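[1] Next input, structure requested:
(chains A and B, ligands or ions: 1)
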Amino acid sequence: MKQNKRQIQKETTRKLILQAAYKVYSNEGFDAATNRIAKEAQIAHGSIFVHFPTVEDLKAGLLEQFGMDINKQLHELSENCDSLEDILYAHIEILMKHQGFYKRLISESSFLPEQARYVYVSIQSTVSFHLSKVIEKYQKEGKIKMLPIHFVFNSWLGLLHYYLSNEELFAPEGSVLNRYKEELAGNFLKLLAI
Amino acid sequence: MKVCIACGMPMTKPEDYPMKDETKGYCIYCARSDGSMQSFEEKKEGMSEFIMKTQGLESSVAHKAAEELMRKLPAWEKYFEAE
Ligand SMILES: [Zn+2]
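    Alright, predicted model coming up:
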């Protein structure tokens, strides 16, 4: 695809805004003002709205970009792993990479605009897609209990989210996921095992 | 990287394509058994089922989520144009 200079420029500014928004929302939460984002991106406040007419559009666009990144990373990581353990670790590894943003996302998801909340579902779908394939395989082979897939998935997410949202209780210094990943993944597997 | 036009899944190996046909723009999960692409209704139903089965969402929410997901994919553009 051939793009002219103006299109490239436009695309670059859009990326810059999304990167800045990612950083500001990670640090300050989703109610951070757009002028904070403009300052971080070192652009005029008004140019944010050239690319995203409303702040809802910006949040949805940011989540979409985040979803695409996660999708790609998870697909790559799960390419070579067919054990449930590998997938759980791949999931943790990706969340660790985006820990600040993801924490905001799970603690503030009910305050997000409706449009962005469906993007949140689609992000979790990417994870459940890879996990469910392995869970089904393991269940067929009689390696793990025949629990409903959504129950296994939601239990895993619930566990991770509980540790993440109470990070200061479990790991006042450093990353809670990094510190507990063996315990969480290891014991979760033991819970499922027959 | 190529991404499925109908569901957004990254397609990186022959097994990701229907009948391993890498010229196709859609993935194996968006194809019927004869290799043709599923219809809008078929895909929406399939995606909703998948969301309910793997995440346990309530049926109407899962259907809405599937529709919102499809809204952003090139294969279904014309279904949302009228809105
Ligand atoms: Zn597909």
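[2] Show me the helices in chain A, by range?
    Assigned by DSSP state H, chain A shows helices spanning A:5-28, A:34-41, A:45-51, A:55-79, A:84-97, A:99-108, A:114-140, A:149-165, A:167-170, A:176-192.
[3] cool, chain B as well?
    B:40-55, B:59-71, B:77-80.
[4] Setting aside sequence neighbours, what's the nearest residue to residue 27?
    You didn't say which chain, so I picked chain A. Closest residue in space to A:N27, ignoring its immediate chain neighbours: A:G100 at 6.8 Å, by C-beta to C-beta, 6 or more residues apart in numbering or on different chains. For glycine as for every other residue, the C-beta is placed from the backbone atoms N, C-alpha and C.
[5] try chain B instead
    Spatially, and ignoring its direct neighbours in sequence, B:C27 is nearest to B:C4 (3.9 Å; C-beta to C-beta, 6+ apart).
[6] How about A:D86?
    A:S78 (7.5 Å).
[7] was I right about the one you found contacting A:I87?
    Yes. In this structure A:S78 lies within contact range of A:I87 using C-beta atoms under 8 Å: 5.7 Å.
[8] Give me the common contacts of these two.
    Residues touching both A:S78 and A:I87 (C-beta atoms under 8 Å, 6 or more residues apart in numbering or on different chains) are A:H130.
[9] Determine the number of other residues adjacent to A:H161.
    Counted with other C-beta atoms under 10 Å in any protein chain shown, residues neighbouring A:H161 total 16.
[10] can you pull the contacts of the nearest residue to it once chain neighbours are set aside?
    For A:H161, ignoring the flanking residues on the chain, the nearest one in space by C-beta to C-beta, 6+ apart is A:I106 at 5.2 Å. Counting by C-beta under 8 Å, 6+ apart, A:I106 makes contact with A:161, A:164-165.
[11] burial count for residue 48?
    As the question left the chain open, I've gone with chain A. 23.
[12] I was after chain B.
    Neighbour tally, B:S48, other C-beta under 10 Å: 21.
[13] can you pull the contacts of it?
    B:59, B:62-63, B:65-66 are the contacts of B:S48 under C-beta under 8 Å, 6+ apart.
[14] Please repeat the previous calculation with a cut-off of 6 Å.
    The neighbours of B:S48, taking C-beta atoms under 6 Å, 6 or more residues apart in numbering or on different chains as the test, are B:62-63, B:66.
[15] Neighbour-wise, give me the winner out of those.
    Highest neighbour count within those: B:A66, with 26 neighbours (other C-beta under 10 Å).
[16] Grab the nearest non-local neighbour of that residue.
    B:M47 (3.8 Å).
[17] Residues of chain A that sit close to chain B?
    Within reach of chain B by C-beta under 6 Å from any C-beta of the partner chain, chain A has these residues: A:72, A:75, A:118, A:121-122, A:128, A:132, A:149-150, A:153-154.
[18] re earlier: closest one to B:K24 among the helices of chain A?
    With C-beta to C-beta, the closest approach to B:K24 among the helices of chain A belongs to helix A:55-79: 17.5 Å.
[19] Which segments of chain A make up each domain?
    A:1-53, A:54-192 (automatic domain parsing).
[20] quick one on the thing from earlier: and of the contacts of B:S48, the nearest to A:A193?
    Nearest to A:A193 among the contacts of B:S48 is B:A62, at 29.5 Å by C-beta to C-beta.
[21] which outside residues touch stretch A:62-77?
    Among residues not part of stretch A:62-77, those counted as contacts by C-beta under 6 Å, 6+ apart are A:18, A:21, A:90, A:94, A:116, A:119, A:122-123, A:126, A:130, B:10.
[22] what about burial for those, which qualify?
    Buried members of the contacts of stretch A:62-77, counted by 16 or more other C-beta atoms under 10 Å in any protein chain shown: A:18, A:21, A:90, A:94, A:116, A:119, A:122-123, A:126, A:130, B:10.
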